[in-house]
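> Quick one, structure for this:
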Amino acid sequence: MTLFLHRMARVSFPALAVVLSACDSPQSVIDALRRDIATYATAPTAEAAAAIDANFDLLDSRIAKLRASGRDQEAAAFANERDTLRAQYAAARVGASLQKARQAVEGLGEAFRQAGETLGGVLKTNSAP
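Residues are numbered from 1 along each chain as shown. The predicted model follows:
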């Protein structure tokens with residue numbers, strides 16, 4: 001039994017290290033940001049925005065770790081991707097703001113229409129002989 005556990009430990013620790021290093025990869029954060037930004041563009045919520053902001057912070061820290069370890073070319077490539085994603089996120093936020101403004105104007109127009117109908121009904125009632 002002890003031999004079995006020893007062999008499992010030899011196999012499991014390297015596998016665990018690979019899995020953990022993949023989780024620490026800036027690419028996994030970039031992939032998550034792409035998905036989150038695409039979702040935000042179609043259904044903007046405060047929770048989605050908070051998750052995106054948190055992932056940008058995480059990506060910044062991972063890029064800083066790459067730079068600190070002397071992997072400047074990798075860090076620069078991930079920084080370029082990050083900048084592209086920030087631009088996409090900014091565009092999604094502008095789109096969400098425009099959608100909210102459009103809905104507000106439509107709501108205002110509907111309110112004016114209803115007010116006109118109400119006023120018209122009141123005037124008809126008051127002008128009846």
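
> where's Ala77 relative to Thr125, distance?
72 Å (C-beta to C-beta, to the nearest Å). (C-beta placed from N, C-alpha, C; glycine too.)

> higher neighbour count, those two?
Between Ala77 and Thr125, Ala77 has the larger neighbour count (other C-beta atoms under 10 Å), namely 15 against 8.

> Roughly how far does the more buried one sit from Gly70?
Going from Ala77 to Gly70 by C-beta to C-beta gives 15 Å.

> One more: Ile63?
Remark: distance between Ile63 and Gly70 (C-beta to C-beta) = 13 Å.

> list the residues that contact both of these two?
Common neighbours of Ile63 and Gly70 are not found (criterion: C-beta atoms under 8 Å, 6 or more residues apart in numbering).

> Please identify which of the two sits among more neighbours.
Ile63 (21 against 9).

> Identify the residues contacting that one.
With C-beta under 8 Å, 6+ apart, Ile63 has these contacts: 26, 75, 78-79, 82.

> can you check Arg35 too?
Neighbour list for Arg35: empty [criterion: C-beta under 8 Å, 6+ apart].

> can you rerun that using 10 Å?
Counting by C-beta atoms under 10 Å, 6 or more residues apart in numbering, Arg35 touches Asn55.

> any idea which helix or strand comes after the one helix or strand in the chain whose mean pLDDT sits lowest?
Using mean pLDDT, DSSP states H and E, the weakest-scoring helix or strand in the chain turns out to be helix 2-23, at a mean of 47. The helix or strand immediately downstream of helix 2-23 is helix 26-42, counting by DSSP states H and E.

> Next, the buried residues of that following helix.
26, 29-30, 33, 36-37, 40-41 (16 or more other C-beta atoms under 10 Å).

> For the protein, which residues score under the pLDDT cut-off?
1-23, 122-123, 126-129 (pLDDT under 70).

> again, only using 50
The chain contains residues with pLDDT under 50 at 4, 11-22.

> quick check: angle from the helix ranked longest in it to helix 26-42?
Ranked by number of residues, the top helix in the chain under DSSP state H is helix 72-127. Helix 72-127 and helix 26-42 meet at an angle of 10 degrees, taking axes from the mean of the first three to the mean of the last three C-alpha atoms, to 10 degrees as the criterion.
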